[in-house]
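Trainee: need coordinates for the following:
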Amino acid sequence: MKSDIATIQFAPIQSKRLFEEVSLKIKELIFKDILKPGDKLPSEMELGRQFQVGRQTIREALRYLELSGFITIQRGGQGGPIIRNTIMNSLSDSLLDAIEISNTSAKELTYARLQIETLVLREAIKHIDDADIASLKENIANAKAQLSKGFQVFRENINFHKLLAKASKNHVFVIVVEAMMTVVANFLSRRGQSNPEVSSKVTSSHEAILDDIVNGNDKNAISLMEEHLWRVGDLFATLER
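Mentor: Below you'll find the predicted structure:
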């Protein structure tokens with residue numbers, strides 16, 4: 001349900017960096033769930049009147065919120081600032097830029113994945129429920145269906161790791177894995193995605209890991225994940241040369 005924007009009034013702001021104060025006030029309303037995704041903010045003129053700041057300050061604040069992933073700016077006569085949760089995209093892009101500019105190696109990426117994803121898997125094993133298992137099984141079934149047609153299953157194999165993070169019931173793990181898988185996807189896309197044969201091996205590894213989770217073979221599931229990540233790391237190293 002959208003908020004009743006007409007009932008929301010913004011208090012005047014006084015600060016040297018007015019646009020930061022304006023953006024902070026708007027973010028506070030989002031955090032408090034007063035402003036919700038899909039809500040359209042008042043016009044720049046109306047926001048300026050309520051905050052008692054200039055139109056340029058409002059524009060800077062809105063631009064800052066857009067870059068931070070809190071809103072989108074729709075163009076045109078019926079456009080304007082709209083509350084959107086694209087923070088995850090912004091975070092993933094920022095991490096991707098940081099890794100690219102630092103020339104992160106395949107070995108570094110693989111080691112980071114080993115440390116993070118084995119920890120995530122341990123938590124997923126503790127908290128996984130029937131809905132999570134169903135989602136993971138559906139992911140593998142979709143991957144196998146695509147493979148049977150000779151297609152790569154790049155997206156499905158990436159999503160498998162995101163679903164495991166979701167099964168951990170830890171929002172921080174979900175955020176971290178989401179961002180990390182963006183890096184993995186970019187690493188593959190820049191260096192050439194794996195072929196169907198490699199995709200098939202990855203899917204088989206995922207299926208074996210899930211089978212062990214379902215059957216309570218926790219240690220073996222973790223061992224399989226480690227082996228799987230090392231094999232993918234070897235692929236990354238090959239693409240890096």
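
Trainee: ok, which stretches of this structure are strands?
Mentor: Under the criterion DSSP state E, strands of the chain are mapped to 71-74, 80-83.

Trainee: distance of the residue positioned nearest the centre of the chain from Lys162?
Mentor: Nearest to the mean C-alpha position of the chain, by CA atoms, centre = their mean, lies Glu178 at 3.8 Å. Taking CB to CB, to the nearest Å as the measure, Glu178 falls 6 Å from Lys162. C-beta coordinates here come from the backbone N, C-alpha and C atoms, glycine included.

Trainee: can you check Thr72 too?
Mentor: For Thr72, the distance to Lys162 equals 23 Å [CB to CB].

Trainee: correct me, but Pro42 touches Gln50?
Mentor: Yes. Pro42 is in contact with Gln50 according to CB atoms under 8 Å; the separation is 7.2 Å.

Trainee: now render the strands of the chain as CSV, adding distance to Glu28.
Mentor: As requested, the strands of the chain are arranged in CSV below (distance: least, CB to CB, whole Å):
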stretch, distance to Glu28
strand 71-74, 14
strand 80-83, 13
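
Trainee: which among those strands is found nearest to Leu224?
Mentor: strand 71-74 (40.8 Å; CB to CB).

Trainee: just the CA atoms of that closest one, as CSV, please.
Mentor: Extracted as CSV, the C-alpha positions of strand 71-74 are listed here (Å, rounded to 0.1, in the frame of the first residue of the first chain):
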residue,chain,number,x,y,z
ILE,A,71,14.7,6.8,-5.3
THR,A,72,14.5,6.9,-9.1
ILE,A,73,13.8,10.0,-11.1
GLN,A,74,11.2,9.5,-13.8
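
Trainee: what's in contact with stretch 108-117?
Mentor: For stretch 108-117, the external contacting residues (CB atoms under 8 Å, 6 or more residues apart in numbering) are 99, 161, 164, 176-177, 180, 183-184, 187, 225-226, 229-230, 232-233, 236-237.

Trainee: hmm, back to that, can you tell which of the strands of the chain is closest to Ile58?
Mentor: Relative to Ile58, the nearest member of those by CB to CB is strand 80-83, separated by 9.2 Å.

Trainee: the closest one: which residues count as buried?
Mentor: For strand 80-83, a neighbour-count test (16 or more other CB atoms under 10 Å) marks 80-81, 83 as buried.

Trainee: again with stretch 47-60
Mentor: Here stretch 47-60 shows 47-48, 50-51, 53, 57-58, 60 as buried, counting by 16+ other CB under 10 Å.
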